[in-house]
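Trainee: I'll drop the sequence and a predicted model, then ask my questions.
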Amino acid sequence: MNQAMNQATTLDELTQRNVELIAKMQEAAHRGRGFGERVADSVAAWVGSWTFLIGQSVVLILWMALNVIAIWGPWDPYPSSS
């Protein structure tokens, strides 16, 4: 039983070291990003957020509804075949 406890402790220690190593590698990669990569990550984080997705859906639904009822005349009419 003592050997099983030593092995479990060893596995726990190994797992902890691996997690710490991966965290250090990710931090180093994060620090090495260029301006374009940082901007792209920021844009992707915003566009992938629930706030953006819900807002975009609301705008799209409003646009479709206004275009269907055409309150001020159809500003986005179906293209004619002239």
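Mentor: On my side now, so go ahead. Numbers count the residues shown, from 1 in each chain.

Trainee: Tell me how the protein divides into domains.
Mentor: Using automatic domain parsing, the domain parsing of the chain gives 1-32, 35-73.

Trainee: what's the least confident stretch among those domains?
Mentor: For the domains of the chain, mean pLDDT drops lowest on domain 1-32, to a mean of 83.

Trainee: hang on, the earlier thing: let me have the domains of the chain in JSON lines, adding mean neighbour count as columns.
Mentor: (Each C-beta comes from the backbone N, C-alpha and C, glycine too.) Listed next are the domains of the chain as JSON lines, based on neighbours: other Cβ atoms under 10 Å:
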{"stretch": "domain 1-32", "mean neighbour count": "9"}
{"stretch": "domain 35-73", "mean neighbour count": "10"}
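
Trainee: is it possible to export the ones you listed to JSON lines including distance to S81?
Mentor: Below are the domains of the chain laid out as JSON lines (distance: least, Cβ to Cβ, whole Å):
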{"stretch": "domain 1-32", "distance to S81": "54"}
{"stretch": "domain 35-73", "distance to S81": "20"}
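
Trainee: Of the ones you listed, give the one that comes closest to P79.
Mentor: Across these, P79 has its closest neighbour in domain 35-73 (13.6 Å, Cβ to Cβ).

Trainee: Compute the distance from the centre of the closest one to the centre of its chain.
Mentor: In terms of Cα atoms, centre = their mean, to the nearest Å, the centre of domain 35-73 is set 15 Å apart from its chain centre.
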